[in-house]
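> Coordinates only, no sequence provided:
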């Protein structure tokens, strides 16, 4: 949890040093959790996203508002059989005016996601 909190603070902080790129090398479940947390996916959406294949890259680019969004060219397997199209709303930060409410929502989703994984194992759609 602390790594993700620090990462999101660094990427969203306008006073930080300007980086051209941030590279995260991780396992599929962790990649999905990072995107769930940053893009504020709900648990149902999270479970519809499949883990990436070996050496698969998911690219996020910074938009004009300074937020990271999933690149249009990033193909993510989605849906029951992994052949669905990921909804456009899931490619960008959920736009909610009250950032404190969004932070609480992200934290609650993170806790719920972690507890359901511990109780029920990995998600149905996220395993390869």
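Right, received. Where do you want to start? Everything quoted here is computed from the prediction, not taken from an experiment.

> CA only for contacts and neighbour counts going forward, please
OK.

> who's in contact with residue 79?
By C-alpha atoms under 8 Å, 6 or more residues apart in numbering, the contact set of residue 79 is 48, 49, 50, 85, 86, 125.

> Export the residues you listed as TSV, with columns for neighbour count.
Output for those, formatted as TSV (neighbours: other C-alpha atoms under 10 Å):
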residue	neighbour count
48	20
49	24
50	24
85	11
86	17
125	20
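
> so can I have TSV of the residues you listed showing pLDDT and distance to residue 75?
Output for these, formatted as TSV (pLDDT from 0 to 100; distance: C-alpha to C-alpha, whole Å):
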residue	pLDDT	distance to residue 75
48	96	14
49	96	11
50	96	11
85	91	9
86	92	8
125	47	16
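
> Kindly indicate which of the residues you listed lies nearest residue 72.
residue 86 (10.6 Å; C-alpha to C-alpha).

> Confirm for me that the closest one is in contact with residue 76.
Yes: shown here, residue 86 and residue 76 form a contact pair, counting by C-alpha atoms under 8 Å, at 6.9 Å.

> Now for the two: what residues contact both?
Joint contacts of residue 86 and residue 76 (C-alpha under 8 Å, 6+ apart) are residue 49.

> Give me the below-cutoff pLDDT ranges for the protein.
Applying pLDDT under 70 to the chain flags residues 1-4, 7-21, 95-128.
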